[in-house]
Structures are given as C-alpha cells and as structure tokens.
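Chemist: need a structure here:
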Amino acid sequence: MHYKEAMMMSALSLRFDPGGATLSWPDGPLLRGITAAVHYRVEGEAHSLHLARPDHAATADGLHVIWRWEPAEDGSDIWLEVANVGSADLLLDALDVFAVHAAEGGVCDLGSPPAQWSFYQNGWISWSPTFARRVDDGLYTDPGTPAYRRMHQPHWNPAHGSNLSSEWVTVVHCSLSHCSLLLGFVTTRDQLAEIRLDLDGDDFAALVARCYLDGIKLRPGETLRSERLWVRAGGDPVALLEDWAERTGREMQARVPPAPPTGWCTWYYFYGENTAQDVLDNVAAIAEHELPLDLILLDDGYQTAIGDWLSLQAEKFPQGMEPVTAAIRAAGRTPGIWTAPFGAAVDSLLFAEHHDWFLRDEAGEPVVGWVHWGMDCYALDCTHPEVLAWLRETFGWMRRRWGFAFFKIDFIFAAALPGRRYDPTATRAQALRWGVEAIREAIGDDVFLLGCGAPLGVCVGLVDGMRVGPDVDPNWHPIWSHDLSMPSTENALRNSIARAPFHGRLWANDPDCLLVRQRGPDMDLVLNEMRTLSALVALLGGMTLDSDHLPAVRTGRLKYLRQALPPARVSARPLDLFENERPRLLVLPVTRGWGRWWVAGVINWDDRTTETTIRLANLGLPSDRYHVYHYWRRRYLGVTDDAVTVRRHQPHETAVLLFKPVSERPDLLTTTFHVCQGAAEIADCKFEITDSRSQIAVVLQKAGRQFGEVLFAVPEGWRAMEARVDGVKRSLVPVAPGVVGLGLTLAGRAEVEVEFAH
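Modeler: Residues are numbered from 1 along each chain as shown. Coordinates of the predicted model:
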C-alpha cells in the first residue's frame, strides 16, 4: 500500500521524512531517522543499499528493493522485498528491516538516558541467557569462549562493540517514563533475526532489527522477502511480550497442546547410565505411589553413539527397545525418547559412512556442533536430500517399530550453525526448519514433539513443547557462577520466568524437570530450594516432569511432586520482569465461576535471609480487603488491604501466598492439594445461602492419590456446623481465628460439603 505523509497507530503517529521515518508519542518523537538497508556482495565486494521511505523502490547492482510498512494491531508491520533484476548471481548477507543510527541523526527517546532502560534479551537457543537486562550493566557476563559463541551468539561480531542483542523480539523499557517499545518479528520461519541495541559509552548509538541471509545466492529473476517486524509501543512491557507471542503464534500456526504433558525422565538421576530395568522399576514405582505421571522419557545413553540412534547398547537393553515400550504402554503410560538428531559423534558409524552429509567450514572440514562427554559431534547438513531422507527413516522406525509417541529433539541448533551447505540458496534458519519438518513428517501430527537446545523462533508451528532454559541441576548455583547458561536450578528458573509469556501462545513451555529426592551425594538442593523449584514449575503452568529414582524417594518427599501436578496450564505473570534482572514476583490470577483470587510466588534469590514486604498495589490487585495464606508454612496470615510482610524470608525460598477478597459470607479459602491453590484441583464450587444458613459444596478432582486440606473462611457472626466428605460426616478443626479446615485423602474425586449458621 502507498502511504500518505503520516498515519496513526493507536496512541502513536508515524511520519515519513526524506531522512527516514519518525515514530512519535503525543508528547513528542519516540524514534527519529528510521531507515532500512540491504547488505550484499557482488564478486566478493561488500555493498549496502539504504532506504529512507516506504514503498519507494531502490535499485543498484541488479538488486531491486522495496521497504514496506503496514498498519497492524496498534502498531506497524515492516518488511523488505528483494529481487534480482540483473544478469548475475548476488550474495545476500543481511536485511536491516528497521534501523536508527545516532551517527546519521537518528534518535531513540524513551524519556530518559539509556542508563534507565531495560532491554529484553531473548537468547538464541533454549539454554541461552534470557532476561530483561539493565542497560547500565548488571547480571550478564560474556564468557567469551569459542564454545559459548558457537552455542549462544549466532551473530557474534567483534566490530559490534558494546551492544545488547536479542533474538526475534525485544522490549526496551524505561523505568522512569514507563515507556516501552516492542520490536518483534512475527514470522520466524526463513531467517534468523536479531534486534540489537548499540551504545556509545552511556549514549544511544543504534537500534537495528536485522534478518540474516547468511550469504545465500539469489539468482537472476529470484525474489525473497524479510521476516515481518511488528513495532509497537505501550506502558506495560510484559503485556507487549505476551501480545507479541500471541500474534506470532497466530502467524506461525503454533501448536499449543490443550494440556502440558506430565511425566518422568531418566536423565537427572542416571545421566545416561540407566538400563531397561531401571526404567521399568520407575514405571512400577509410579503405579505403586499412584503418581499422576503419563510420559516415560528415555533420555541420552541408550544408543551406541550420537548419530547411531537405532543401534542400542546391548548391555543396557539386552532385549531391544520394543519390550520396553510395550511394558510402558501396558502400564498405561506414554513412551518417549530423546535424540540429538542434527549431529553425529566422531566415532559414530553415521559419520564414518556419510562424510558428505555434514556441514563444512571454509577449509572444507566438518563443523563441530558441540562436544558431548568429551567427544566432538559434527553438524549435519539438513539441506542435503539424503540427510532428510535418513531423518524420516530413523524417526519413522522409532515411531512405528519401537512405538514411541513422544520425541525430544536436543542440540538442534547444530543444523543452523554457519558453514557451507549442499543447497547454497538456503539460509541457516531454513536448514534447521527443513530438518525439523522432516522429523514431524515422519512421526505424524498426533505425536508430541519437544524442542531443546533449539533456536526458538524457527521451531514455532512444528514443535508442541519447547525447553526455555538451561538444564536444571541438583545444585542451586552453577559451577561457573558467571555463566548464566550453565546447568543449575537458579539458571533454569530465571530463564523459565523470563520466557513465561511464550507459554500457551507459541507452545507448551518446558522449564525442565522437578527434583524432589532427599539431600545426599546426588542431591545438593536444600528444602527451600527444592520447594522453590516445585513452586515455580507449578506457577509457570507448563510441562511437569520428575527426574528422580522414584523407588528410592521417601514418601514425604513425593508430596512436593504431587503438589505441582497437574499443570495449571496457564502461566503466572512475572510482574517485575523489567524491574529486576532476577524477577522476584510472579502472580497467577485465577477466575472461576465461584470466585476470583490471586496466587503469588515471592522469590528470595539472595544467599541471605531477608524480610520481604509485598504491597497489594504491586500485585495489580483491585482495592479491597484480602485474606492471605502462606502455602509452604501452612499459615493463615490474616486480612490486609495494603501489604503483607514475609519475615525471615530464607535464602532461595519462594513464599507462595494466596490473596482472596474478604466476603461477608462463609467462603472457600484455599486447598493444599496444589501449589496454585484452586487453579488445578477444584472442579466446581457451589454456594447455597439464606439469611441464617450457608452451605458450600466443593468438588475436588485430581488424578492420583494425595492427602491435603480444604480451608474455609468464617466471618464474625458465623459458625461452622457440619462437614461431609462424599456424604460421610467429618470433623472441622480450627486453623486460625476465622478459619476452619478439614483433611482428606483425595483419590481422583471427592465432594466436600460444609454447612454454616449465622
């Protein structure tokens, strides 16, 4: 479409000047000097073609470019269209869909200098550090190693200097003006894309949204377009991220399962040393303890080498794989399997027999994807037709012959590493996506596919679940404290919180596994740390897998697993994501036909005990009086209309607090069957009220078997008269002034009825 001099986008206005576009708030310019550019090569010489006005074509060296803008959902969609109208091949490196450079007169004015800004850094892959970084320095450090750059910095360039980089999406937020700017690519299938904020000391230098074409060949007559960038501004930065994820999910036809999987995984106890019998022993323990876990995931260690997925270690699986999956299915569970499909170890048969299947560097050597237990694993070239055929055959065998119905694909960033490919017209993103598409085709649409070690954006629409953080670990802190991508419970949770807006919009988030076993040689998490892991996984609402050796876990520890099941499906919101690099406040609003309440997770990341005060206004609660219940301490904290204080908030403890509006009538307060306190385990709640009598009927519904309590608030002037569980009289006990409760064992379903008199 053709533009007039200006257009309105909700509260924003856009004006096109000869030197570039200007995006303004009602109070003045937000961004000035917005331009675009194409970076390409002709006969080895680098060139750039710049554009300053949309819908105006520019041509040079046979390259024809149009810069498009289109109004879209309170913002603008922006993209570039490129054609080779010449007679020679062109090599395309990058498309700057949106660029503001201070050196060229560009301005980014969020209401204060950059020292007051936070920049949402979405890392490249599952394990890459993700959080809202303070521009004036903070938590992030760059280890600077070749392995780190290969795995987490896909566009690393020493010439960039002091910059902040985010993959596919960012929000830049000013803490003083409360102005937030979203730049997010809402299509992500064909190009890796980055938003980069450059600083010159303390001053703004550049803001660039770039799609990478990786030097692909554009032949005469061929065309392509960039990914589509959405630019929008607002006051709530978390809401902007949620809106971006919602829209990207629509554009990319995201696969969002109706309920996130639950299950058990071999990895974080056996670390690849498990046998078939170990798996079956844990399946038996799940049945014995009546744990509502469906998936049984065989992780790394069954195969003879990375790449030789159908070749089993005979001493671990002496009868092959079919009897194992058959036994899992016979127990009513779903068998799942781990692979790292886009790499092969140097000692694998796959590498020995198919040297031509692998990505090559400029010297013609195979590209190392990662190092696995000290062994180089080379990256497969997923543009090679024989590689794609091998993927279909391998995964088809696992699905049809072995009977697996859940697949975890790990280290898949390897397919998107730089290198020489069979198809010189394919980008790194396309190579990866073609590989994942081949796997999806082989396993079918009805099978759950979990991505891990994955460039996130490229996988939207193909995977059902996505790991969103580093590996969890039986230790709270990582071994190398400054590497935010290292395995640790702390790192896994921080990333999972920062990517909470993606859950239920792009896929089901996988925060990694719960570990509830007692402390010992293979478990260093103290009670508060283990409870924090359980609480945050529950509040985040995503996939919930355990990775303990269940036959050896004490019964008292299994309650922490039960209290996180089933997933609540929706995620709590990290309200202070842009205020604290380690967000301290998660809030899950719960609305049902019988009421509304809020469950907050208040995190102490520090290594010392503190006192934490939470103001209702900071939770976004309407002005009212609220009951407050402390879940882990099983303590009613009374009524407040202002704030609540957690005294002796211990190191790495998450206080889980329920806030429920005070009623003049008797009311259901909470249950202890689930961390989310009513969001997952209450099927229904009905009230029958007269002037002098009140009856509450609560239907509890939850798979498995579990003891817990149901608590009721009793206003002054009312008294509890009688309680029944499934028609059988039960005694109510005082819990605190104005609160009564009863305990019961819930085995699937129960109805609790309580009568009150005025």
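
Chemist: average pLDDT for stretch 186-204?
Modeler: What stretch 186-204 shows for mean pLDDT is 96.

Chemist: buried sites along it?
Modeler: Within stretch 186-204, the residues that qualify as buried are 186-199, 204, counting by 16 or more other Cβ atoms under 10 Å. Placement of C-beta: from N, CA and C, glycine included.

Chemist: Closest to A713 out of these?
Modeler: V186 (45.1 Å; Cβ to Cβ).

Chemist: wait, the closest one sits on R228?
Modeler: Yes - judged on Cβ atoms under 8 Å, V186 makes contact with R228 at a distance of 5.4 Å.

Chemist: Now the common contact residues for those two.
Modeler: Each of D77, E251 lies in contact with both V186 and R228 under the rule Cβ atoms under 8 Å, 6 or more residues apart in numbering.

Chemist: where do the helices sit along this structure?
Modeler: 146-152, 237-251, 267-270, 276-288, 322-330, 349-353, 385-400, 428-443, 489-498, 527-540, 555-562, 616-619 (DSSP state H).

Chemist: From the opening residue of stretch 268-280 to its closing one, how far?
Modeler: End-to-end distance for stretch 268-280, by Cα to Cα, to the nearest Å: 16 Å.

Chemist: List the buried residues of that stretch.
Modeler: Buried, per 16+ other Cβ under 10 Å, within stretch 268-280: Y268, Y269, F270, N274, T275, A276, D278, V279, L280.

Chemist: Please apply the same query to stretch 68-88.
Modeler: Of all the residues in stretch 68-88, those buried under the rule 16+ other Cβ under 10 Å are 68-69, 72, 75-80, 82-84, 86.

Chemist: before we move on, what about stretch 248-259?
Modeler: Neighbour-count burial for stretch 248-259 [16+ other Cβ under 10 Å]: T248, G249, E251, M252, A254, R255.

Chemist: From what I see, the second one and E242 are in contact.
Modeler: Just to be clear, that refers to G249. No - using Cβ under 8 Å, G249 is not in contact with E242, being 10.6 Å away.

Chemist: anything in contact with each of these two?
Modeler: Listed as contacting both G249 and E242 by Cβ under 8 Å, 6+ apart are R505.

Chemist: if we can go back for a sec, in a markdown table: the helices of the chain, plus distance to Y626 and mean pLDDT.
Modeler: Putting the helices of the chain into a markdown table (distance: least, Cβ to Cβ, whole Å; pLDDT from 0 to 100) gives the following:
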| stretch | distance to Y626 | mean pLDDT |
| --- | --- | --- |
| helix 146-152 | 42 | 94 |
| helix 237-251 | 22 | 99 |
| helix 267-270 | 38 | 98 |
| helix 276-288 | 38 | 99 |
| helix 322-330 | 46 | 99 |
| helix 349-353 | 60 | 99 |
| helix 385-400 | 51 | 99 |
| helix 428-443 | 46 | 99 |
| helix 489-498 | 24 | 99 |
| helix 527-540 | 18 | 99 |
| helix 555-562 | 26 | 97 |
| helix 616-619 | 7 | 95 |
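
Chemist: Arrange the ones you listed in a markdown table, one row each, with distance to D376 as further columns.
Modeler: As requested, the helices of the chain are exported to a markdown table (distance: least, Cβ to Cβ, whole Å):
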| stretch | distance to D376 |
| --- | --- |
| helix 146-152 | 11 |
| helix 237-251 | 35 |
| helix 267-270 | 22 |
| helix 276-288 | 29 |
| helix 322-330 | 30 |
| helix 349-353 | 9 |
| helix 385-400 | 18 |
| helix 428-443 | 20 |
| helix 489-498 | 25 |
| helix 527-540 | 33 |
| helix 555-562 | 37 |
| helix 616-619 | 50 |
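
Chemist: show me what contacts the spatially closest residue to D278 that is not a sequence neighbour?
Modeler: Residue nearest to D278 in three dimensions, not counting chain neighbours: F270, with 6.3 Å by Cβ to Cβ, 6 or more residues apart in numbering. Counting by Cβ under 8 Å, 6+ apart, F270 touches D278, G301, H549.

Chemist: Tell me where the model's unsure across this structure.
Modeler: Within the chain, the ranges that satisfy pLDDT under 70 run 1-11, 160-162.

Chemist: In it, spot the strand with the most residues.
Modeler: Across the chain, the longest stretch assigned as strand under DSSP state E is strand 693-713.

Chemist: From the chain's centre, how far out is it? Work that out for me.
Modeler: Chain-centre distance of strand 693-713: 32 Å, with Cα atoms, centre = their mean, to the nearest Å.

Chemist: ok and that strand relative to helix 555-562, angle-wise?
Modeler: 110 degrees (axes from the mean of the first three to the mean of the last three Cα atoms, to 10 degrees).

Chemist: Check which strands are paired with strand 693-713 and give the direction for each one.
Modeler: Sheet pairing for strand 693-713, assigned by DSSP bridges, gives strand 667-671 (antiparallel), strand 682-689 (antiparallel), strand 739-757 (antiparallel).

Chemist: what's the most buried one of those strands?
Modeler: strand 667-671 (a mean of 24; mean count of other Cβ atoms under 10 Å).

Chemist: quick one on the thing from earlier: list just the one of the helices of the chain that sits closest to F407.
Modeler: Nearest of the helices of the chain (Cβ to Cβ): helix 428-443, 5.9 Å.

Chemist: can you give me the strands for the stretch 151-300 of the chain?
Modeler: 163-167, 169-174, 180-185, 192-200, 203-218, 223-225, 229-234, 262-265, 295-298 (DSSP state E, counting those that start in this stretch).

Chemist: V656 is in contact with T532, correct?
Modeler: No - counting by Cβ under 8 Å, T532 stays clear of V656, with 9.5 Å between them.

Chemist: will you turn the buried residues of stretch 68-88 into a markdown table that also has distance to H155?
Modeler: A markdown table is the format used below for the buried residues of stretch 68-88 (distance: Cβ to Cβ, whole Å):
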| residue | distance to H155 |
| --- | --- |
| R68 | 24 |
| W69 | 25 |
| A72 | 26 |
| G75 | 25 |
| S76 | 24 |
| D77 | 23 |
| I78 | 20 |
| W79 | 19 |
| L80 | 18 |
| V82 | 19 |
| A83 | 25 |
| N84 | 24 |
| G86 | 28 |
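
Chemist: how far away is the spatially closest residue to I306 that is not a sequence neighbour from R467?
Modeler: Nearest in space to I306, with sequence neighbours left out and distances taken as Cβ to Cβ, 6+ apart, is A345 at 4.1 Å. Here A345 is placed at a distance of 22 Å from R467 (Cβ to Cβ, to the nearest Å).

Chemist: Of those two, give the one with the bigger neighbour count.
Modeler: Applying other Cβ atoms under 10 Å to A345 and R467 shows that R467 carries more neighbours, namely 28 against 22.

Chemist: I figured D96 hits A36, correct?
Modeler: Yes - contact criterion Cβ under 8 Å: D96 and A36 qualify, at 5.6 Å.

Chemist: Which one of the two is surrounded by more residues?
Modeler: A36 (30 against 22).

Chemist: Can you tell me who that one pairs with across the strands?
Modeler: Counting by DSSP bridges, A36 forms beta bridges with L51.

Chemist: closest one to E353 among the strands of the stretch 151-300 of the chain?
Modeler: strand 295-298 (25.2 Å).

Chemist: gap between the closest one and the chain center?
Modeler: With Cα atoms, centre = their mean, you get 21 Å for strand 295-298.

Chemist: partners of it in the sheet?
Modeler: On the basis of DSSP bridges, the sheet neighbours of strand 295-298 come out as strand 262-265 (parallel), strand 334-339 (parallel).

Chemist: now these as JSON lines including distance to A568 and mean neighbour count?
Modeler: Converted to JSON lines, those look like this (distance: least, Cβ to Cβ, whole Å; neighbours: other Cβ atoms under 10 Å):
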{"stretch": "strand 262-265", "distance to A568": "12", "mean neighbour count": "24"}
{"stretch": "strand 334-339", "distance to A568": "21", "mean neighbour count": "24"}
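
Chemist: Export those strands to CSV and append columns for distance to I412.
Modeler: Listed next are those as CSV, based on distance: least, Cβ to Cβ, whole Å:
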stretch, distance to I412
strand 262-265, 18
strand 334-339, 9
